[in-house]
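J.: Got a predicted structure here, sequence first:
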Amino acid sequence: MFLYYSYIRRAYPMSFIRFIGGGTIPFALIRDAGVQGRYEARTAEERKKFVDDLFEETDKGPSTRFLVNEFPYSVEGVDAGECFHYVLWIRPGHVIESLPIRDTISAHIADLVAVGVLSEELPFSYFKNTTANKSVREVEHYHVFISKDVAERGTEGDGTLDELEYDLSHVVSY
């Protein structure tokens, strides 16, 4: 159903992102054509500079970075400012378990509220891509969607530990 909906609307509904619920998605999501064009136009040097600049070389800097995704997936509400697509980057060599990932994301969202980027703390959903579908394989990262839609429709599928076991192997991508 999600694939059909996404094909017709050219965007994934937030209910799909909630369904993934903190798990690993086994296929690549699509981007808007303009965003995909910018994504593909990056040079190898630009990509390498981005990765190199994520963290300081010393181990004294932060263990995570929380940045707006410059190449967001096509999820309903992102273009209209109703949904925000961030990426939680984890410093190479650091490991964060499932529940602390939620806590880490919550802390970053609280920071966004504190500095006025968000007007209020909103619920979120997150997932990670399989290694084969990661464009930046050398740095562990999670896609985070902060959305009023999640708040209005409930927070099921929001990445709680009970939901990390979704088996998405039956989902087929065309």
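T.: Looks like it came in fine.

J.: can you tell me how far the residue most central in space within the chain sits from S125?
T.: Residue closest to the mean C-alpha point of the chain, counted by Cα atoms, centre = their mean, is H143 at 1.2 Å. Look at H143 and S125: by Cβ to Cβ, to the nearest Å, they are 9 Å apart. The C-beta positions use only the backbone N, C-alpha and C, and glycine is treated the same way.

J.: longest helix in the protein, by residue count?
T.: Taking DSSP state H as the criterion, the chain has its longest helix at helix 98-114.

J.: For it, enumerate the helices and strands it packs against.
T.: strand 64-68, strand 83-90, strand 124-129, strand 141-147 (3 or more Cβ pairs under 8 Å, 6 or more residues apart in numbering; DSSP states H and E).

J.: what does stretch 71-81 contact?
T.: For stretch 71-81, contacts defined as Cβ atoms under 8 Å, 6 or more residues apart in numbering pick out 6, 9-14, 17, 29-32, 35-36, 38-39, 82-85, 143, 145, 147-149.

J.: at 6 Å what do you get?
T.: Residues from elsewhere that reach stretch 71-81, judged by Cβ atoms under 6 Å, 6 or more residues apart in numbering: 11-13, 29-32, 35, 39, 83, 85, 147, 149.

J.: Tabulate those residues in JSON lines, adding columns for distance to P62.
T.: JSON lines is the format used below for these (distance: Cβ to Cβ, whole Å):
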{"residue": "A11", "distance to P62": "32"}
{"residue": "Y12", "distance to P62": "30"}
{"residue": "P13", "distance to P62": "33"}
{"residue": "L29", "distance to P62": "27"}
{"residue": "I30", "distance to P62": "31"}
{"residue": "R31", "distance to P62": "28"}
{"residue": "D32", "distance to P62": "30"}
{"residue": "V35", "distance to P62": "27"}
{"residue": "Y39", "distance to P62": "26"}
{"residue": "C83", "distance to P62": "25"}
{"residue": "H85", "distance to P62": "20"}
{"residue": "S147", "distance to P62": "25"}
{"residue": "D149", "distance to P62": "29"}
